[in-house]
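Q: got a predicted structure plus its sequence, pasted below:
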Amino acid sequence: MLKYCPFKFCPDCASKEIKYDEPRFSCPACGFVYFHNTAAANGCIIEAGKKIVLLVRGKEPCAGKLDLPGGFANPGEGILEGLYREIKEELGWDPNPNGLPLNKLFTFFASFPNVYPYRGLDYNTCDMYFILSCPGLKQEDLKLEADEVSGVRFLHPDEINLDDLAFDPVRKTIIAYREYVLCRTKNAGG
């Protein structure tokens, strides 16, 4: 939920009377209404054998903290198309060289609400997380996007320190993934 009004003046008539009544901004002077809707965001647990790929964030918010590959869906882009694009951009690696339909490549895993602070504004997001299995993936296969990513770590889920993760929904996803791996191992008899 937004904590404040990011507008100092009405974008339509410049009145100072702009106010926030969840879930919209409105101006009593001219009737302007703006809904600050939830943005769609994606993240991916890339399984590389028994380890998963974590990025070291290269810029704020949370520079230096660990994150899952992903980002925001752009206008006109579905969540899977956005996830595919983000992985290619951030990792410099094509997770789909055979051109599979994206709904066959990614498996939906979890979703959590989030507030993403960026340059003084809080963006409400709906973070959707997917699993991508790439057992042969190695660190040398990746060419990281230097502007966004300062490093990459391949870690077993139990090796991940939750305090090192950038965002609360990523922590929740890793906790849920640990439980998922435990159930999968029990069901496989191991």
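A: In hand now; what should we look at? What you see is a predicted model; the values in this text were computed from it and never measured. Residues are numbered from 1 along each chain as shown.
Q: what residues are up against the residue of the chain positioned farthest from its centre?
A: In the chain, the residue that sits farthest from the middle, by CA atoms, centre = their mean, is residue 29; the gap is 37.8 Å. Listed by CB atoms under 8 Å, 6 or more residues apart in numbering, the contact set of residue 29 reads 10, 13, 15, 17. (Each C-beta comes from the backbone N, C-alpha and C, glycine too.)
Q: pick the one among those residues closest to residue 131.
A: Of all the contacts of residue 29, the one sitting nearest residue 131 is residue 10; the distance, using CB to CB, is 44.6 Å.
Q: leaving out sequence neighbours, find the closest residue to the residue farthest from the centre of the chain.
A: Using CB to CB, 6 or more residues apart in numbering and skipping the chain neighbours, the partner closest in space to residue 29 is residue 15 (3.8 Å).
Q: and the top helix by length along the chain, what does it pack onto?
A: Using DSSP state H, we find that the single longest helix of the chain is helix 168-187. Judged by 3 or more CB pairs under 8 Å, 6 or more residues apart in numbering; DSSP states H and E, helix 168-187 is in contact with strand 39-48, strand 107-118, strand 121-133.
Q: so what strands line up beside the longest one?
A: For strand 121-133, the pairing partners within the sheet under DSSP bridges are strand 39-48 (parallel), strand 107-118 (antiparallel).
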